[in-house]
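Visitor: Have a look at this prediction, sequence included:
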Amino acid sequence: MTEVTRVPLQPIAKGSVGKLWLGLAAIALAAGGLAAATLPGAVDVETISAGTGKQPAADEIAVINYVGKLRDGRIFDQGKEAPLPLARVVPGFREGITQMKVGGKYRLTIPAAKGYGAQEQRNPQTGEVAIPANSDLIFDIDVIATMSEAEFQQAMQMQQMMQMQQMQRQQQGGAGAPAGAPQGAPAPR
């Protein structure tokens with residue numbers, strides 16, 4: 001029979017168990033910090049003035065006024081009463097706007113990883129870089145309304161019908177009649 005070489009265990013000194021646990025806790029915290037550093041940053045929604053209406057759902061259309069800026073303050077996009085299908089925006093924008101309420105004003109900060117990431121975005125008219133790669137995005141947003149895709153399509157059809165009616169009235173009223181003037185009424189001088 002062969003004898004296995006035994007490694008003698010030294011007794012742990014008094015008070016060393018606590019130090020051992022502190023060391024393990026420090027290692028666990030350091031590992032957790034490294035794991036958190038590799039996750040994309042969180043979207044930050046700052047409430048300027050709280051809304052009281054409905055929160056937009058991720059599959060709805062949000063109608064907003066917005067200004068999009070880079071960290072250096074340079075504006076890359078803006079819109080008034082812009083309908084945005086939330087299913088087709090960058091993930092950070094969708095995540096942030098679903099935390100807002102209609103009638104409110106907010107500042108949304110999107111980390112690059114939840115925006116365009118390593119892809120630069122170019123201005124379609126000029127071809128110049130509008131958003132450099134790995135840029136955080138900041139939006140000032142006024143949430144005006146939220147609606148389903150079907151409600152949006154219905155509103156667009158109504159708007160088109162009204163525009164067509166207005167054009168027909170202008171054509172029937174003559175070239176000199178202002179828009180909305182009764183037929184046969186003289187144009188104001």
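Guide: Okay, I see it.
Visitor: the bottom helix or strand of the protein by mean pLDDT?
Guide: helix 16-38 (a mean of 57; mean pLDDT, DSSP states H and E).
Visitor: need the next SSE after that one, C-terminal direction.
Guide: Note on helix 16-38: by DSSP states H and E, the next helix or strand toward the C-terminus is strand 44-49.
Visitor: export that next one as PDB, just CAs?
Guide: Extracted C-alpha coordinates of strand 44-49, given in PDB (Å, rounded to 0.1, in the frame of the first residue of the first chain):
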ATOM      1  CA  ASP A  44     -30.700  59.000 -18.200                       C
ATOM      2  CA  VAL A  45     -34.100  60.700 -18.300                       C
ATOM      3  CA  GLU A  46     -34.100  64.100 -16.500                       C
ATOM      4  CA  THR A  47     -37.600  65.600 -15.900                       C
ATOM      5  CA  ILE A  48     -37.700  69.300 -16.600                       C
ATOM      6  CA  SER A  49     -41.400  69.500 -16.100                       C
END
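Visitor: counting contacts, what elements does the next helix or strand after that strand pack onto?
Guide: Going down the chain from strand 44-49, the next helix or strand is strand 61-69, by DSSP H and E. Other helices and strands packing on strand 61-69, by 3 or more CB pairs under 8 Å, 6 or more residues apart in numbering; DSSP states H and E, are strand 75-85, strand 137-147, helix 149-173. No exception for glycine: its C-beta is placed from N, CA and C like everyone else's.
Visitor: just so I know, which of these lies nearest residue 50?
Guide: For the helices and strands packed on strand 61-69, the distance to residue 50 is smallest for strand 137-147, at 10.6 Å, taking CB to CB.
Visitor: and the closest one with strand 44-49, angle?
Guide: 60 degrees (axes from the mean of the first three to the mean of the last three CA atoms, to 10 degrees).
Visitor: and the angle from strand 137-147 to strand 61-69?
Guide: 160 degrees.
Visitor: Parallel or antiparallel, list what pairs with strand 137-147.
Guide: Next to strand 137-147 in the sheet, as set by DSSP bridges, lie strand 61-69 (antiparallel), strand 105-110 (antiparallel).
Visitor: centre of the chain versus the first one, how much separation?
Guide: I take that to be strand 61-69. Relative to its parent chain, strand 61-69 has a centroid offset of 9 Å by CA atoms, centre = their mean, to the nearest Å.
Visitor: pLDDT on it, on average?
Guide: Averaged across strand 61-69, pLDDT comes to 95.
Visitor: list the contacts for the closest residue to residue 49 other than its chain neighbours?
Guide: Excluding the flanking residues, the one nearest residue 49 by CB to CB, 6 or more residues apart in numbering is residue 105, at 4.6 Å. Residue 105 sits next to 47, 48, 49, 51, 140, 141, 142, 143 when contact means CB atoms under 8 Å, 6 or more residues apart in numbering.
Visitor: can you check residue 76 too?
Guide: Neighbours of residue 76 in contact, by CB under 8 Å, 6+ apart: 68, 69, 70, 121, 130, 131.
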